[in-house]
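1. fold the following for me, if possible:
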Amino acid sequence: MAFPTTIYLSYGMEKVETSEQKQKLGTRAELPDGRVFYYAKAAATAITPAGKIVDGIAAVAAHDMDVTATAAHSAGDTTISIEVPTTDLTKDQYKDGYLICNDGPGQGEVYRIKSHPAHDASADNTVIITIDEPDGIRTALTTSSLFGLVYNPYTNIKIIDGDGTMTTGPLGVTTIPVTASYYCWIQTAGIASVLSGAAVAVVGDAIGVSQASGESGAFDLWDASSEEDTAPIGTAMTIPSVDTDNQVVMLNIRN
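-> Numbering: from 1, shown residues only. Model (predicted):
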């Protein structure tokens, strides 16, 4: 059975934000001219103005790897019991995120999370994760299987801090000023307007996330020595901008 992987938007729909969730986080959308967007939720701080590069929520140190399976599970099971002994979980905190086996039987396999209950670590160490795969797990698991819980990357997006700690790496560029905790579309490919840092780009230059102080959410020339440990996110187009202005960019973060 085929499932649609892309929503096709009319012009202007990419600029709509809502207080209520309308799509699954990470849903892909495309405009008639080929520009690509992904559905995201803003964190508790507004993102202004438009054209800011954003990243997502930070991983929880107690959850990001080496979380132990509390029981053996057969291939085909759709629930996995794991031990989270030191921190609580809110209901569906990791919904639409991922359970990644980092060691032991099942190592390297990734499962989409459908749901899980709230978890009080003081009452019970065990959490039952239901995966969003009808055929269940591929490889039988044992108590030697170790996992990481990974948020959906489009959860609680925020202005990227290239000079500090990036939490997911660049996810996209905002198309409008985004209200705190609202749902929106962020652009990942095609012609876009992106905030420029002081190292402005000319036509054809590769650009990346600025790692200069005071330039959160902006791009910088990717060939600058400070950017060589990051990936380029696009190519500069038309006339060069000036510092703190926006420039036309052919984005290439995610197609």
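2. in the chain, what helix or strand scores lowest on average pLDDT?
-> Least confident helix or strand, the chain: strand 219-221 with a mean of 91, by mean pLDDT, DSSP states H and E.
3. give me the contacts around that one.
-> Contacting residues not belonging to strand 219-221 are listed as 53, 162, 194-201, 205-212, 226-227, 233-234, 247, 249 [C-beta atoms under 8 Å, 6 or more residues apart in numbering]. Yep, even glycine has a C-beta here, placed from its N, CA and C like the rest.
4. tell me the buried residues within these.
-> 53, 162, 194-197, 199-201, 205-212, 226-227, 233-234, 247, 249 (16 or more other C-beta atoms under 10 Å).
5. average pLDDT for whatever helix or strand Ala192 lives in?
-> Here Ala192, judged by DSSP states H and E, is contained in strand 183-195. For strand 183-195, mean pLDDT is 99.
6. and stretch 90-99, end to end?
-> 16 Å (C-alpha to C-alpha, to the nearest Å).
7. can we start the residue count at 49 from this point?
-> Taking 49 as the first residue, the last one we looked at is stretch 138-147.
8. hang on, Ser170 in a helix?
-> No: counting by DSSP: H, G, I helix; E, B strand; the rest coil, Ser170 falls outside a helix, being coil.
9. neighbours around it, how many?
-> Neighbour count of Ser170, defined by other C-beta atoms under 10 Å: 8.
10. over to Gly74?
-> By other C-beta under 10 Å, neighbour count at Gly74 equals 16.
11. contact partners for it?
-> Gly74 sits next to Tyr86, Tyr87, Ala88, Asp144, Asn200, Pro201, Tyr202 when contact means C-beta under 8 Å, 6+ apart.
12. report the two of those separated the most.
-> Distance extremes for the contacts of Gly74: the farthest pair is Tyr86 and Asp144 at 12.4 Å, using C-beta to C-beta.
13. contacts for stretch 75-87 next, please.
-> By C-beta under 8 Å, 6+ apart, stretch 75-87 touches 53-59, 61-62, 70-74, 202, 219-220, 223, 231-240, 302-303.
14. point out where the stretch 199-303 of the chain drops to low pLDDT.
-> Under the criterion pLDDT under 70, the flagged ranges of the stretch 199-303 of the chain are 272-276.
15. quick one, phi psi at Glu62?
-> Glu62 adopts backbone torsions of phi -70, psi -10, taken as degrees, to the nearest 10.
16. mind listing the residues bridging to the residue lying closest to it once chain neighbours are set aside?
-> Ranked by C-beta to C-beta, 6 or more residues apart in numbering and with sequence neighbours excluded, the top spatial neighbour of Glu62 is Trp233, at 4.7 Å. Beta-bridge partners of Trp233, counted by DSSP bridges, are Tyr87.
17. show me what contacts Trp233?
-> Taking C-beta under 8 Å, 6+ apart as the criterion, Trp233 is in contact with Leu57, Met61, Glu62, Lys63, Val64, Ala77, Phe85, Tyr86, Tyr87, Ala88, Thr223.
18. just checking, the last one touches Thr236?
-> No: taking contacts as C-beta atoms under 8 Å, Thr223 lies outside contact range of Thr236: 10.9 Å.
19. how far off centre is the least confident helix or strand of the chain?
-> Offset of strand 267-269 from its chain centre (C-alpha atoms, centre = their mean, to the nearest Å): 21 Å.
20. could you list the buried residues of that strand?
-> Residues of strand 267-269 classed as buried: Phe267, Asp268, Leu269 (neighbour count, 16+ other C-beta under 10 Å).
21. then stretch 131-145?
-> Here stretch 131-145 shows Glu131, Val132, Leu137, Gln141, Tyr142, Lys143, Asp144, Gly145 as buried, counting by 16+ other C-beta under 10 Å.
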